[in-house]
Structures are given as structure tokens and as C-alpha cells.
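[1] With the input below, show me the fold.
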Amino acid sequence: MSRLFGTDGVRGVANEELTPTLAMELGQAGAYILSRENKHKPTIMVGCDTRISGDMLANALMAGACSVGANVVYVGVVPTPAVAYLVRKYKVDAGVVISASHNPVEFNGIKFFDGEGYKLPDSLEDEIESLIASGMKGVKFPTGSGVGKVKYRTDAKEEYINHARKSVPLDLTGMKIVVDTAEGASYYTSVETLKELGASVVAIHNNPDGTNINANCGSTHMEELKARVVYEKANIGLAFDGDADRLLAVDENGETVDGDQIMAIVGNFLKDNGRLKDDTIVVTVMSNLGFHLMGKAHGIHMEQTKVGDRYVLERMKEIGANLGGEQSGHIIFLDENTTGDGLLSALHLLEVLVATKKPLSELKKIMEVLPQALVNAKVPNHKKENYMDYPEIAEAIEALNEKFAGEGRVLIRPSGTEPLVRVMIEGKDQKVIEKEAKKLADLIQSEML
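    You can find the predicted model right below:
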């Protein structure tokens, strides 16, 4: 059996791959593994994004948790980072988010947080998988008063908003902001927070109906946001994904500002104000070469990890860093939260605009984005880790590494959450790298199908 857990929990098409039965089993095994050291009756917090399948999977998972004697606190639709924060605030034993992040509505996912609000290490996920595979061997299912119960809380959104406002106190009076909430979990929290801070907010894609999450909107589809920022003559545009753990921005000219650029802007501001621990930012191998050149020029050390915000977080904890993230917009401010947090990222970016009184188009010049091409090859999910086993693919990759040596780089990696192998090439000529990336992706797709 292939591994259930990817880089961001268990993902799949809801009711086909990620079934209510599997959700129940994950609830049972997760609640048991994450609370087995406790002397008290454990409590698990559960939240979800706006997908129509969220109710189905959340209720199945909660039933599973209750069946092994855990109590559940259900906080409903909230951003993923809200659960990470509230797990600590409410002092519960673990948290679960039902979400497939930026993926289309037919997908859903289940990700766990421990009692400190951190995503689980591979070893704990492996234990949960093993327990499910064994048919819950050795687990006693309680009866009578030993069965868990569900408590419903409606104040979670406000608690999270209050935390964000206290973390980055701001006065946004006079600032016009266009916000695209991706018809997702931040449809209320991001808009309300910015309004409470005094901003004039133009909200788009903030009417979720269960089926429209991420549909031509949010951080993966920013065309409408770009146009709206220019039309509204806004200071900035903010794009969240479905579960609001990532943020991308748009400057006043309608140009994209990605995660690398946001970290460059905020990182330098924090460094200048003595707030960037050890003058270090933790990034992944996908970060643009221009980001590394910026770091060298401004005395910021870059720590590099493999792709996945969980690996960024692990390295941040190891070395004591307080800023890290991904080009995709997962940015972790570890002094304030334990996972990527789109709202905190937005507030930190807005803090720089307010403090410097400079437009975002000027601030983003702190780093030059070198040309980058990213092309996905669709492959069977169970084969995606084995692309180097194919001689033609291995030879083509070696040839590209030689071609771009010294003036670019080639990065090939399987997606942690989708049936894809991602081909990324950086170089001086956009047309050349796009052509080579597509050529290699086509080869991988044809060889591995």
C-alpha cells in the first residue's frame, strides 16, 4: 500500500479516495496515537474549510475519535492556522483540519496538529497508518460513559482575529485593499480583521457555497484580483488559498508579489528592526535564485530545506529561526503561530507598507526575480517517486544539468499531494527554459504513463 500521508496530510478525491470510512479510521487512530500518553480523557479540536464534503468527512472523523474515548471540540469553518493557534489556546490534546488547501472542490484532505499546534513528524504519521492497517489492533473501544462527545464552539473565528490583531498591531486607516478569499476558510476572518484595523476593504470571492472554493480565484488564479486592484486604484491586493495558510500579493500596478518577495520585504524590515532571529530565513529548494542573491546583498543567511512547509518548520525549530516559508506563499512567523498563516503574512507585509510609506511596487525591488519555468507532468500516483528509474528520463535530466550549469539550475521533484512530477528550470532566457521544461515534462509523462 502506498503511503497515506503526503507532505500535507492525507489527500484525495472526497468520497472516492478519501472516504468517510477512511476519515473515521483516521479519527480513531489519530486520536488514539496522539493522546495515548494522557492520564485524562483526551480532547481533539476539529475545523474545516468551505468544501461541501467537509461536513461528511468531519462528522465521520469525529465519530471515530469519540469511538476511542476522545472528546471533540468542533470549531466549524476556520483557516488552518486558526486551528494551529487555538489548539494551544484551548489547551486541547490535538487538532485536525479537514481541507485540501488550494485544490479543486472534489478533493479534500485531513491534516493533524499535535497539542503544541505543530504538524506531525513522519514517524507519528507512520504510526497512525500502521494502526489503521492493523485494524486498530490492541485498541480497546469504550462503552457507556467512556465514549467521547462533541462540543460545538462558535467563537473560534473571533479568537483567531483577536490573536492576529494583537500579533501585528496596525492602523490601516486610509489604505484601500482588495482581498480575494478564494471562496474559502478566510471569507470572514481576513475581511473582518482588515476592516477592524481601519482599512477600506474590497472583498471578492467571499461568498462560499460549498462548491466554488478555489474556482478561478484565490492564490492560484490571480487574474481577476490583479485587474480589480488597478480598477479600484487600491494600495495592494491580497490573495488567500482555500484554507488560508498561504498568501500571495498584488502591487498597486497589478503585478504579482510571490512568497519569496514577501519574505524578502518582511525579512529585511524585521532585520532592520532587530526582530529577525540570527538574521536568518528558512526557505526550500524551490525559492528563486534571486532570493538567495538578495540575502547575500543584505546580510541575511538562508537555510534551505526540501519542499513542504512542514520541513521549513522543522528546520526553524532546530535552529531557532522565526521566519521561513515557500515561494508559493506558505510563510511561517514562528513567534506568533506554528504553521503557515496567510493573515499574519498579510499583516506583516502591510506593516512594512505603513512604516516605510512606500508602495509595494518599490518595496519588491529589494530582490530581482530570475526567470523560472515550472511545468507539471501528470503521472500515476504510485509511480511518481520513481522517475529516475527510467533511463531516458535520467539521461535527459543529466543533459539539462550540464546545459544550465553555472547559469541556472534544474529541479525535478514529485508532488507531495498530487499525482504529478514537477519540472522547474531557472535560467537567463524565459523562452529557452520554458521550452526545455515542457520538453522534459512531456518525456516524463509519456514514459511513466
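[2] burial count for residue 212?
    By other Cβ atoms under 10 Å, 18 other residues sit near residue 212. Backbone N, C-alpha and C define where each C-beta goes, glycine included.
[3] and what of residue 400?
    22.
[4] How about the one 4 residues further on?
    Around residue 404 sit 18 other residues, with neighbours defined as other Cβ under 10 Å.
[5] so it touches residue 424, yeah?
    No. Applying Cβ atoms under 8 Å, one finds residue 404 not in contact with residue 424, separated by 11.3 Å.
[6] what's the overlap in contacts for those two?
    Counting by Cβ atoms under 8 Å, 6 or more residues apart in numbering, the shared contacts of residue 404 and residue 424 are residue 410.
[7] Quick one: the helices in the protein, in order.
    Taking DSSP state H to define them, one finds helices in the chain at 20-35, 54-67, 80-89, 122-133, 156-167, 189-196, 223-232, 259-272, 289-298, 309-319, 342-356, 360-363, 391-404, 430-448.
[8] For residue 430, list the residues it contacts.
    Residue 430 makes contacts with 371, 373, as judged by Cβ under 8 Å, 6+ apart.
[9] Residue 96 versus that one, what's the distance?
    42 Å (Cβ to Cβ, to the nearest Å).
[10] quick one, domains of this structure?
    Per automatic domain parsing, the structural domains of the chain span 5-156, 170-366, 372-448.
[11] Redo the ones you listed as a markdown table? Include mean pLDDT and distance to residue 163.
    Shown next, in a markdown table, are those (pLDDT from 0 to 100; distance: least, Cβ to Cβ, whole Å):
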| stretch | mean pLDDT | distance to residue 163 |
| --- | --- | --- |
| domain 5-156 | 94 | 6 |
| domain 170-366 | 97 | 8 |
| domain 372-448 | 92 | 27 |
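[12] I'd like these written out as TSV, with distance to residue 164 added.
    Formatted as TSV, the domains of the chain follow (distance: least, Cβ to Cβ, whole Å):
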stretch	distance to residue 164
domain 5-156	9
domain 170-366	5
domain 372-448	26
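[13] related to what we said a few turns ago, for residue 370, find the nearest of the helices of the chain.
    For residue 370, the closest of the helices of the chain is helix 289-298, at 4.6 Å, according to Cβ to Cβ.
[14] got the buried residues for that closest one?
    By neighbour count on 16 or more other Cβ atoms under 10 Å, the buried set for helix 289-298 is 289, 290, 291, 292, 294, 295.
[15] for stretch 329-339, same thing?
    329, 330, 331, 332, 333, 334, 336, 337, 338, 339.
[16] show me what contacts the residue nearest to the fourth one when sequence neighbours are not counted?
    Yep, that's residue 332 we're talking about. Spatial nearest neighbour of residue 332, chain neighbours left out: residue 324 (5.1 Å); criterion: Cβ to Cβ, 6 or more residues apart in numbering. The contact partners of residue 324, taken as Cβ under 8 Å, 6+ apart, are 263, 281, 282, 283, 303, 312, 313, 315, 316, 331, 332, 334.
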